[in-house]
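Enquirer: Need coordinates for the below:
(chains A and B)
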Protein chains: 2
Amino acid sequence: MAGGGAAASALSSPWRALLQRALKANAHLRHSTYFQLATVGGGGRPANRTVVFRGFQEHCDKIQINTDARSNKIGDIKSCPFGEICWYFTDSWEQFRITGSIGVIDGSSSDPAKLQHREKAWFASSVKSRLQYLGPQPGVPVVEDDSVKDVHLDPSGGPVDAFCLLILDPEKVDYLNLKNNQRMMFTRSQKEDGSYDWMAEKVSP
Amino acid sequence: MAGGGAAASALSSPWRALLQRALKANAHLRHSTYFQLATVGGGGRPANRTVVFRGFQEHCDKIQINTDARSNKIGDIKSCPFGEICWYFTDSWEQFRITGSIGVIDGSSSDPAKLQHREKAWFASSVKSRLQYLGPQPGVPVVEDDSVKDVHLDPSGGPVDAFCLLILDPEKVDYLNLKNNQRMMFTRSQKEDGSYDWMAEKVSP
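Expert: Residues are numbered from 1 along each chain as shown, chains lettered A, B, ... in the order given. The predicted model follows:
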């Protein structure tokens, strides 16, 4: 089950066809694009939260997630740059556990291509989604008598400081289908020329 | 928002009323009792998988999960005995992130009370659920020409070796309601007499 080069692998990753099929089969459910992202947090303890799938990066299998640069997960990822997605599709009873390294792209990046990805992700979000990045820092205590501040956002304006793009680069995908009780393990390996191969193996559920 | 003693805390944990309400509001959905459990696995990397809520232990807030003693998560938990549950309720749009230590109860336990909890959890499972513990070790390669073996289980027989009960003892609960955009942080502290208090604080989402 060969992969080919970095560009070709997007077309041939064997797990990706399963994931596209699950996305289609569950598309009538709003939460079908939500998954849980686990990271390692402070003190080496696990952390876990629901995030939204923002699509694949062009020409590859990397998974995009928008987040607030002020949230705890940014610190977690900077000290341990790995994550595991657990994506359960509630109508088709399929689970994808997707493991890989995570890259953080915030406004301080010096790479023009990365900044362009971040800008694209910003404009792909709804204006309502973008507004949350103008709110107070997530997780800080709310003072009850806080006056509600009016927040204005120019829809044509680029990403604000708090907007951050996460990129998870899948290395292993553990697929489980609870309807037929089948499980497949997909493992990526790198070839001498730097391109990737994916191996698929049927394992017991 | 005082807790009281270990037994009383089950009645007064402020987050538990919210969780009971969410369970009731989403009870028509089969997957409402499924959540994602994050642990720290091999090499200090995060691991994440869907598991089933098997209720609270009697007279306390500890969360019960059944699992296979041969699964990777047992090794994970033995080397890092902490977990974070991410429980998203798809109909009421509520998320509970529940952090705590995890205890493992398998057949080798020397504590009669723990063995009794494990036996109770075994008999509380359906016979179909119990059968999976008689199958091959989870995650090992399946040989295509494996002949399907008939598996017999005496419904009155006690737990088999592979059956394992996990007990997560909540220390912190991060509650988010996406319908009204409210977030509450519940933090447990221990009093001098060993009993627990829960503090609740409204935080920004």
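
Enquirer: Residue A:118 against residue A:106, yeah?
Expert: Yes. Under the criterion of C-beta atoms under 8 Å, residue A:118 makes contact with residue A:106 at 7.5 Å. C-beta here means a position set from N, CA and C on the backbone, and glycine is covered the same way.

Enquirer: what's the overlap in contacts for the two?
Expert: A:163-165 (C-beta atoms under 8 Å, 6 or more residues apart in numbering or on different chains).

Enquirer: Looking at residue A:118 and residue A:106, which is more packed in?
Expert: Each of residue A:118 and residue A:106 had its neighbours counted (other C-beta atoms under 10 Å in any protein chain shown), and the higher figure belongs to residue A:118 (22 against 18).

Enquirer: how about CSV for the shared contacts of residue A:118 and residue A:106, with distance to residue B:25 and neighbour count added?
Expert: Below are the shared contacts of residue A:118 and residue A:106 laid out as CSV (distance: C-beta to C-beta, whole Å; neighbours: other C-beta atoms under 10 Å in any protein chain shown):
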residue, distance to residue B:25, neighbour count
A:163, 32, 24
A:164, 32, 24
A:165, 34, 25
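
Enquirer: which one of the residues you listed is nearest residue A:98?
Expert: When those are ranked by distance to residue A:98 (C-beta to C-beta), residue A:165 comes first, at 17.2 Å.

Enquirer: mind checking the SS state of the closest one?
Expert: Three states are possible here, and by DSSP: H, G, I helix; E, B strand; the rest coil the one that applies to residue A:165 is strand.

Enquirer: Which residues are in contact with residue A:15?
Expert: A:96, A:170, A:173, A:175, A:184, A:186, A:198, A:200 are the contacts of residue A:15 under C-beta under 8 Å, 6+ apart.

Enquirer: So which of those residues wins on neighbours?
Expert: Neighbour counts for the contacts of residue A:15 peak at residue A:173, which has 26 neighbours (criterion: other C-beta under 10 Å).

Enquirer: For it, give the beta-bridge partners.
Expert: residue A:98, residue A:186 (DSSP bridges).

Enquirer: Would you agree it is in contact with residue A:100?
Expert: No. Contact status for residue A:173 versus residue A:100: not in contact, 9.0 Å apart, counting by C-beta under 8 Å.

Enquirer: how about whichever strand or helix holds residue A:17: buried residues?
Expert: In this structure, residue A:17 sits in helix A:14-25 according to DSSP states H and E. Taking 16 or more other C-beta atoms under 10 Å in any protein chain shown as the basis for neighbour counts, the residues of helix A:14-25 that come out buried are A:15-16, A:18-19, A:22.

Enquirer: Is the nearest residue to residue A:23 once chain neighbours are set aside in a helix, a strand, or coil?
Expert: Using C-beta to C-beta, 6 or more residues apart in numbering or on different chains and skipping residues adjacent in sequence, the residue nearest residue A:23 is residue A:32, 6.5 Å away. With three-state DSSP as the basis, the three-state label of residue A:32 is helix.

Enquirer: isn't residue A:32 right up against residue A:19?
Expert: No. Distance between residue A:32 and residue A:19: 11.1 Å, which falls outside the contact criterion (C-beta under 8 Å).

Enquirer: any residues in contact with both of these two?
Expert: With C-beta under 8 Å, 6+ apart applied, the contact sets of residue A:32 and residue A:19 do not overlap.

Enquirer: re earlier: tell me which helix or strand comes right after the helix holding residue A:17.
Expert: Read in the C-terminal direction, the helix or strand following helix A:14-25 is strand A:34-40, with elements assigned using DSSP H and E.

Enquirer: who does that following strand pair up with?
Expert: For strand A:34-40, using DSSP bridges, the partner strands are strand A:46-52 (antiparallel), strand A:82-89 (antiparallel).

Enquirer: what about residue A:188, which helix or strand?
Expert: In the assignment (DSSP H and E), residue A:188 maps to strand A:182-190.

Enquirer: packing partners for that strand?
Expert: Strand A:182-190 is packed against helix A:14-25, strand A:163-177, strand A:196-203, with contacts defined by 3 or more C-beta pairs under 8 Å, 6 or more residues apart in numbering or on different chains; DSSP states H and E.

Enquirer: For that strand, list every residue counted as buried.
Expert: A:183-186, A:188.

Enquirer: hang on, the earlier thing: dump the buried residues of helix A:14-25 into CSV; add pLDDT as well.
Expert: CSV is the format used below for the buried residues of helix A:14-25 (pLDDT from 0 to 100):
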residue, pLDDT
A:15, 98
A:16, 97
A:18, 97
A:19, 98
A:22, 98
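
Enquirer: Of the residues you listed, which is the nearest to chain B?
Expert: Sorting the buried residues of helix A:14-25 by distance to chain B puts residue A:22 at the head of the list, at 13.8 Å, by C-beta to the nearest C-beta.

Enquirer: can I assume that closest one is in contact with residue A:88?
Expert: No. In terms of C-beta under 8 Å, residue A:22 does not count as a neighbour of residue A:88; the distance is 9.8 Å.

Enquirer: Between these two, which contacts overlap?
Expert: Shared contacts of residue A:22 and residue A:88, defined by C-beta under 8 Å, 6+ apart, are found at residue A:94.

Enquirer: Restrict stretch A:154-164 to CA atoms and write it as PDB.
Expert: Taking only C-alpha atoms (Å, rounded to 0.1, in the frame of the first residue of the first chain), the coordinates of stretch A:154-164 have been written out as PDB:
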ATOM      1  CA  ASP A 154     -14.200  44.600  10.100                       C
ATOM      2  CA  PRO A 155     -15.200  41.500   8.000                       C
ATOM      3  CA  SER A 156     -12.400  42.400   5.500                       C
ATOM      4  CA  GLY A 157      -9.700  42.700   8.200                       C
ATOM      5  CA  GLY A 158      -7.000  40.000   8.600                       C
ATOM      6  CA  PRO A 159      -6.500  37.700  11.600                       C
ATOM      7  CA  VAL A 160      -6.300  39.300  15.100                       C
ATOM      8  CA  ASP A 161      -3.400  38.500  17.400                       C
ATOM      9  CA  ALA A 162      -5.300  35.800  19.400                       C
ATOM     10  CA  PHE A 163      -6.100  33.800  16.200                       C
ATOM     11  CA  CYS A 164      -3.900  30.700  16.000                       C
END
